[in-house]
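A.B. asks: Need the 3D shape of this:
(chains A and B)
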Amino acid sequence: MRHLASFLAISITLIVFGFESSALAYLDPGTGSMVLQLLLGGIAGAVVILKLYWRRFVGLFRGNAREESERSPSEDQK
Amino acid sequence: MGGVEPLPGSFRDPSGSVYQFEGRIFRTVNHCFSQDFDFVTSTGLFQKLATEGLLLPFEIVSSDVLGLSDPKPRYVLEAPRLPLISYPYEWSFPALKAAALLHLRIQLKSLEVGVTLSDASAYNIQFQGIQPVFIDHLSFRRYQSGELWNGHRQFCEQFLNPLLLRAFFGIAHNAWYRGTQEGITTGEIRKLLKWRHCWKWNVLTHVVLQDLFQNTSTKRTKSLQDHSLARASLPLSSFKAMLEKMFHWISHLTPLNKGESTWGDYDRTCSYSSTEIQSKKQFILEFSQKVQPTLVWDLGCNTGEYSEAALEGGARNVVGFDFDQGALDGSYHRSAERRLSFQALFMDAANPSPSQGWNGHERESLQSRVSADAVLALALVHHLAIARNIPLGQVVSWLIRLAPQGVIEFVPKNDPMVQELLSLRQDIFPDYTAEHFMALLKEKAVIIKNETVSKSGRMLVWFKRM
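C.D. replies: Sure thing, here's the model as predicted:
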């Protein structure tokens, strides 16, 4: 999972920002930290979602399919 | 304004200021911050942290005690006075690490009750022995749902990056930190990194990416600042996870030692026999029993063996000083293992911490921060007089000025340690003799007791300033 996250982080960095830099950084000394936290928060959120769906996916092959199908759609949305 | 003036270093935070008045320490809470202060008080966090020994306790006293009228503070808090205020550039690696972990622990505990810390200044932490304690009661404020970790950048600069400097490269943070006073920037530490460091997730994110984001300022970044960052939010669960991961990472950081410590093994490699060490300890023990000092300065403390003897004799606190990182690490572990009221700080006796920062007084010099009742200078004089060419008379005068009484060790020229210092250089110290040393001492002090404690003629002298 760490490698996947590293890959995601690097990809996003390169795609969004490229390697350009300038002296404008002094405008906000905390920008680097803020963007990083957004990224980490985003990754953490994505990991939670992936884990959730992964469990459901694995559950399908562990005989829980019936249990899943018996749930009402409204319960799934909770 | 009326009343007393705040301490010179207390000007950054508009929420309040720190005052020293009649030997007591006060902190004002201004009206602009009173809502946050009331909220934090209502959560019981102050009480809880103080009970656990993580936060310096305080009492709310009369708001007239300082005589401040324009503006009159909303509250005035009184906190116990600490034996010594020290700065992060004087701390050893394990001390800085303990302070970093305390900050993270307090931040996590605060979030549990809807409170957060407004900054991550290492100067908000002080030590009682080796126990770090948080001292800034105005750093606590109400947590707003989704807000970012405001102190993250400062935490990296003031705690994480200085620790990484030693953990990755074996370089102590002290000299660099003393120069900047604000720690080591992420950009600076990133320039030192090798590829092998960068692939570790924590390094990649908190150092490489943070610096990359900081330095990248294309139009797209500006756009990001205008739109996304203004509405930036971090889920509480992610905030906590970030803190917990940082805690786990830092708690596993250890110094990269490359066998560079000269004095960490001093206990084993010095020219004393075990009998001679016992004689020396007995001398210090007797001195401490008779004097019963509140605060002892142990200059050149090594791993604190004689500091411990002073504590056994009845000294209440000992602050040791050394410039060797191995000795400082050893002192920290000695103090931790034996629960001593002993803290070892980084200091080169020939270049002690100066008064510096804003207006030259934001961070006070070591000598102006505290005065000791007693000083120990064991196996130190020859390092100053011979290795650093400081005239013997100046060394003696300096030691006598530091404290009204103490014990100084004189190591004669024929001792193997002094011979080593002279082995590659000309002996330009004809006055460096026991007789001359005693004559200089007697000009300004009374000799209470002196004793030769080694075969080479090392001599301990117990003096009392005239």
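
A.B. asks: Could you use CA atoms for every contact and neighbour count after this?
C.D. replies: Will do.

A.B. asks: shaky segments in the chain?
C.D. replies: Unless you meant another one, I'm taking chain A. Along chain A, the model assigns pLDDT under 70 to residues A:1-29, A:45, A:48-49, A:52, A:63-78.

A.B. asks: hm, I was asking about chain B
C.D. replies: For chain B, the ranges with pLDDT under 70 are B:1-3, B:217-231, B:258-273.

A.B. asks: Against which helices or strands is the helix ranked longest in it packed?
C.D. replies: When chain B is parsed with DSSP state H, its longest helix is helix B:93-112. Here helix B:93-112 touches strand B:115-117, strand B:131-134, helix B:161-169, helix B:236-251, helix B:325-338, going by 3 or more C-alpha pairs under 8 Å, 6 or more residues apart in numbering or on different chains; DSSP states H and E.

A.B. asks: Secondary structure element holding B:T28?
C.D. replies: strand B:24-29 (DSSP states H and E).

A.B. asks: Do a quick rundown of the helices in the stretch 1-150 of chain B.
C.D. replies: B:34-43, B:45-51, B:93-112 (DSSP state H, counting those that start in this stretch).

A.B. asks: Name the residues of the second one that come out as buried.
C.D. replies: Across helix B:45-51, burial judged by 16 or more other C-alpha atoms under 10 Å in any protein chain shown covers B:L45, B:F46, B:Q47, B:L49.

A.B. asks: Cross-check those residues against chain A and keep the overlap.
C.D. replies: With the criterion set as C-alpha under 8 Å from any C-alpha of the partner chain, no member of those is near chain A.

A.B. asks: after the regular element (helix or strand) spanning B:V296 comes which helix or strand?
C.D. replies: Per DSSP H and E, B:V296 falls inside strand B:295-299. Next helix or strand after strand B:295-299 toward the C-terminus (DSSP H and E): helix B:305-313.

A.B. asks: tell me how far that following helix is from the chain's mean position?
C.D. replies: 20 Å (C-alpha atoms, centre = their mean, to the nearest Å).

A.B. asks: helices or strands next to that helix in the packing?
C.D. replies: Against helix B:305-313 (3+ C-alpha pairs under 8 Å, 6+ apart) you get helix B:274-291, strand B:317-322.

A.B. asks: quick one, the first one and strand B:295-299 angle?
C.D. replies: Our comparison of helix B:274-291 with strand B:295-299, counting by axes from the mean of the first three to the mean of the last three C-alpha atoms, to 10 degrees, yields an angle of 150 degrees.

A.B. asks: and the residue in chain A positioned nearest to chain B, how many neighbours?
C.D. replies: Taking C-alpha to the nearest C-alpha, chain B has its nearest neighbour within chain A at A:G32, 3.7 Å off. Per other C-alpha atoms under 10 Å in any protein chain shown, the neighbour tally for A:G32 reads 24.

A.B. asks: Now it: closest residue in space, sequence neighbours ignored.
C.D. replies: Nearest residue to A:G32, sequence neighbours excluded (C-alpha to C-alpha, 6 or more residues apart in numbering or on different chains): B:Q214, at 3.7 Å.

A.B. asks: Next: B:T43.
C.D. replies: Closest to B:T43 by C-alpha to C-alpha, 6+ apart is B:V113, at 6.5 Å.

A.B. asks: do the same with B:F11
C.D. replies: B:S17 (6.7 Å).

A.B. asks: So what's the gap between the longest helix of chain B and the chain middle?
C.D. replies: Using C-alpha atoms, centre = their mean, the offset of helix B:93-112 from its chain centre is 15 Å.

A.B. asks: sorry, back to before: for chain A, which of the helices and strands packed on helix B:305-313 is the nearest?
C.D. replies: Using C-alpha to the nearest C-alpha, the helices and strands packed on helix B:305-313 put strand B:317-322 closest to chain A, at 35.1 Å.

A.B. asks: burial of the residue of chain B at minimum distance from chain A, as a residue count?
C.D. replies: With C-alpha to the nearest C-alpha, the shortest gap between chain B and chain A falls at B:Q214, namely 3.7 Å. For B:Q214, the neighbour count with other C-alpha under 10 Å is 26.

A.B. asks: try B:L399
C.D. replies: 20.

A.B. asks: sec struct for it, please.
C.D. replies: Three-state assignment for B:L399 (DSSP: H, G, I helix; E, B strand; the rest coil): helix.

A.B. asks: distance of it from B:D324?
C.D. replies: Separation of B:L399 from B:D324 (C-alpha to C-alpha, to the nearest Å): 20 Å.

A.B. asks: for B:V207, same thing?
C.D. replies: 28 Å.

A.B. asks: Give me the more crowded residue out of the two.
C.D. replies: B:V207 (27 against 24).

A.B. asks: which residue ranges form the helices in the stretch 351-466 of chain B?
C.D. replies: Using DSSP H, counting those that start in this stretch, helices in the stretch 351-466 of chain B cover B:366-369, B:381-382, B:392-402, B:416-422, B:434-444.

A.B. asks: Torsion angles phi and psi at the residue nearest to B:T43?
C.D. replies: phi -120, psi 20 (degrees, to the nearest 10).

A.B. asks: neighbours of it, just the number please.
C.D. replies: The burial count for B:V113: 14, using other C-alpha under 10 Å.

A.B. asks: rewinding a little: the strand holding B:V296 pairs with which strands, and in what direction?
C.D. replies: strand B:317-322 (parallel), strand B:374-377 (parallel) (DSSP bridges).

A.B. asks: quick one, which of the helices of the stretch 1-150 of chain B is packed in tightest?
C.D. replies: helix B:93-112 (a mean of 21; mean count of other C-alpha atoms under 10 Å in any protein chain shown).

A.B. asks: how about B:E276, what does it touch?
C.D. replies: B:E276 is in contact with B:V453, B:S454, counting by C-alpha atoms under 8 Å, 6 or more residues apart in numbering or on different chains.

A.B. asks: Mind doing that once more with 10 Å?
C.D. replies: B:Q282, B:T452, B:V453, B:S454, B:K455, B:R458 (C-alpha atoms under 10 Å, 6 or more residues apart in numbering or on different chains).

A.B. asks: Kindly report the same for B:F283.
C.D. replies: Contacts of B:F283 by C-alpha under 10 Å, 6+ apart are B:277, B:289, B:306, B:309-310, B:407, B:449-451, B:453, B:460-462.

A.B. asks: of those, closest to A:Q37?
C.D. replies: B:Y306 (47.6 Å; C-alpha to C-alpha).
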